[in-house]
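Enquirer: here you go, sequence then predicted model.
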Amino acid sequence: MESYDTLFISALIGFVVSLGVCFGIITLSSRLHFFVDSATSDKPQRFHTDNTSRAGGLGIFVACVCACVIFFGFDKPILGLLFGSLIIFLSGLAEDFSSALSPKLRLLLQCFGAFLACYTMHTYISDLSIGFQFPYVVGILFSIFALVGVTNATNIIDGFNGLASGVCLLIFVAIAVVAYEVQDWDIFQIAILTTAAILGFFVLNFPYGKIFLGDGGAYFLGFLAGFLLVSLTQNTSNGVSAWFGLSLMIYPVWEVLFSIFRKKIKRGLSPMQPDGVHFHMLIYKRLTKGNAKTSLWILTLYTPFVVLSVVFAHHSLALIGISLVFIVFYQLIYKRLATFRL
């Protein structure tokens, strides 16, 4: 009971810190005009009408660090995870601040941060739940690849008020539920603390978009969710399938994979080049015509797949099936929206 009380207090502090930092950023940004996403920029992914700070991730990251230190103390593995997360967060924050980092440098920093977290936490992907295991070095390299992938995938879906943060809320709550079920307490506690930190940002971001998540926030949440899923699914004693991570994060993962195919294979463009035909953008343009409505629409579609992933967290074939159904569902909707004419 005492540990639950401490967890609740730590989570409450995380929520308050996140809310307070984000509110402070909104106030300072309006006066000093830093970390501002201009309403007049020509970015294809711009759908807001007011100059808005994009440093909301700073509030979430600071809140997570505070809450974890309060709850876990100066536990070395947890500090290693936070330090690895810091590197990845800073790679995005630098982009939010000045757009000075090249895509290659940003990618290298993310790889280093992922390696540091895997090494210090002694966590990597080895078991794919199909009777095959990776050797240590291959497992580490594959883990870095997967973590960097979900890190950038989360950033790609960040385009409307409450979309990326809402998806992350669903993911972290799902992680907490499964971790609680299998009594993996460290993962459960980190997921709860992160959920509280996201909520402090979310109440200012949705529905009116007073502050944006930014690349730093999206990178941090995507990486942390991916790392917790690796930790949860690679503990062979709890029976959680390695495919739980893919099924749970199938929306951002498929969004980035399909985007690479659409840009590189079909159009001959760089996968790093932004465009205006992502799934969420088409829903906005063709269907909802509303920023917050777009997020609600997608979150409503995505929630059943999250629930099913939790229910079948121990069943690899069911999780693979859930992922495939989502992909078919996504493609049918995308094709219909892409050919839709007003």
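Expert: Noted; the coordinates are in hand.
Enquirer: mind jotting down where the strands sit in the protein?
Expert: 36-37, 52-53 (DSSP state E).
Enquirer: and these, which one is worst for confidence?
Expert: Note on these: strand 36-37 shows the lowest mean pLDDT, a mean of 62.
Enquirer: got a list of what Thr120 touches?
Expert: Lys76, Pro77, Leu79, Gly80, Leu81, Phe83, Gly84 (CB atoms under 8 Å, 6 or more residues apart in numbering). All C-beta spots, glycine's among them, are computed from the backbone N, C-alpha and C.
Enquirer: switch to 7 Å and redo it
Expert: By CB atoms under 7 Å, 6 or more residues apart in numbering, Thr120 lies in contact with Pro77, Gly80, Leu81.
Enquirer: per-residue confidence at it?
Expert: 87.
Enquirer: ditto for the one 5 residues further on
Expert: You'll see Ile125 listed with a pLDDT of 93.
Enquirer: list the contacts of the residue nearest to it when sequence neighbours are not counted.
Expert: Distance criterion CB to CB, 6 or more residues apart in numbering; nearest residue to Ile125, sequence neighbours excluded, is Ser143 at 4.6 Å. By CB under 7 Å, 6+ apart, the contact set of Ser143 is Cys118, Tyr124, Ile125, Val230.
Enquirer: tell me which of the residues you listed is nearest to Leu93?
Expert: Of all those, Leu93 sits closest to Cys118, with 21.9 Å by CB to CB.
Enquirer: can you count the residues close to the closest one?
Expert: 24 (other CB atoms under 10 Å).
Enquirer: Leu332 too?
Expert: 10.
Enquirer: just Cys66 next, same as before
Expert: Counted with other CB under 10 Å, Cys66 comes out at 19.
Enquirer: and it, how far is that from Gly20?
Expert: Going from Cys66 to Gly20 by CB to CB, to the nearest Å gives 11 Å.
Enquirer: what's the answer for Ala196, then?
Expert: 13 Å.
Enquirer: show me where the stretch 151-300 of the chain has its helices.
Expert: 163-181, 185-205, 214-233, 243-248, 250-260, 279-283, 291-311 (DSSP state H, counting those that start in this stretch).
Enquirer: show me what the third one is packed up against.
Expert: Where contact means 3 or more CB pairs under 7 Å, 6 or more residues apart in numbering; DSSP states H and E, helix 214-233 is packed against helix 56-72, helix 76-97, helix 103-121, helix 136-156, helix 163-181, helix 185-205, helix 243-248.
Enquirer: out of these, which one sits most buried?
Expert: helix 243-248 (a mean of 25; mean count of other CB atoms under 10 Å).
Enquirer: neighbouring contacts of that one?
Expert: With CB under 7 Å, 6+ apart, helix 243-248 has contacts from 129, 171, 174, 229-230, 233, 253, 306, 309, 313, 316, 319-320, 322-323.
Enquirer: 8 Å - rerun?
Expert: For helix 243-248, using CB under 8 Å, 6+ apart, the contacting residues are 129, 171, 174-175, 178, 226, 229-230, 232-233, 253, 305-306, 308-310, 312-313, 316, 319-320, 322-323.
Enquirer: before we move on, the earlier item: any chance of the contacts of Ser143 in CSV, plus distance to Pro103?
Expert: Below are the contacts of Ser143 laid out as CSV (distance: CB to CB, whole Å):
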residue, distance to Pro103
Cys118, 22
Tyr124, 25
Ile125, 25
Val230, 24
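Enquirer: ok, so of those, who is nearest Leu163?
Expert: Among those, and counting by CB to CB, the member closest to Leu163 is Val230, at 24.0 Å.
Enquirer: just to revisit the earlier point, do you know how far the residue nearest to Ile125 is from Val150?
Expert: Ser143 is 11 Å from Val150, by CB to CB.
Enquirer: if I look at the residue nearest to Leu204 when sequence neighbours are not counted, how far off is Leu163?
Expert: Closest residue to Leu204 apart from its sequence neighbours, by CB to CB, 6+ apart: Lys210 at 4.6 Å. Counting by CB to CB, the gap from Lys210 to Leu163 is 15 Å.
Enquirer: same question, Phe23
Expert: Phe23 is 21 Å from Leu163, by CB to CB.
Enquirer: again, but for Thr27
Expert: For Thr27, the distance to Leu163 - CB to CB - is 24 Å.
Enquirer: which residue packs closest to Ile190, ignoring adjacent ones?
Expert: Closest to Ile190 by CB to CB, 6+ apart is Leu228, at 6.3 Å.
Enquirer: wait, the one you found touches Phe188, no?
Expert: No - with contacts counted by CB atoms under 8 Å, Leu228 stays clear of Phe188, the gap being 9.5 Å.
Enquirer: any shared contact partners between the two?
Expert: Common neighbours of Leu228 and Phe188 (CB under 8 Å, 6+ apart) are Ala179.
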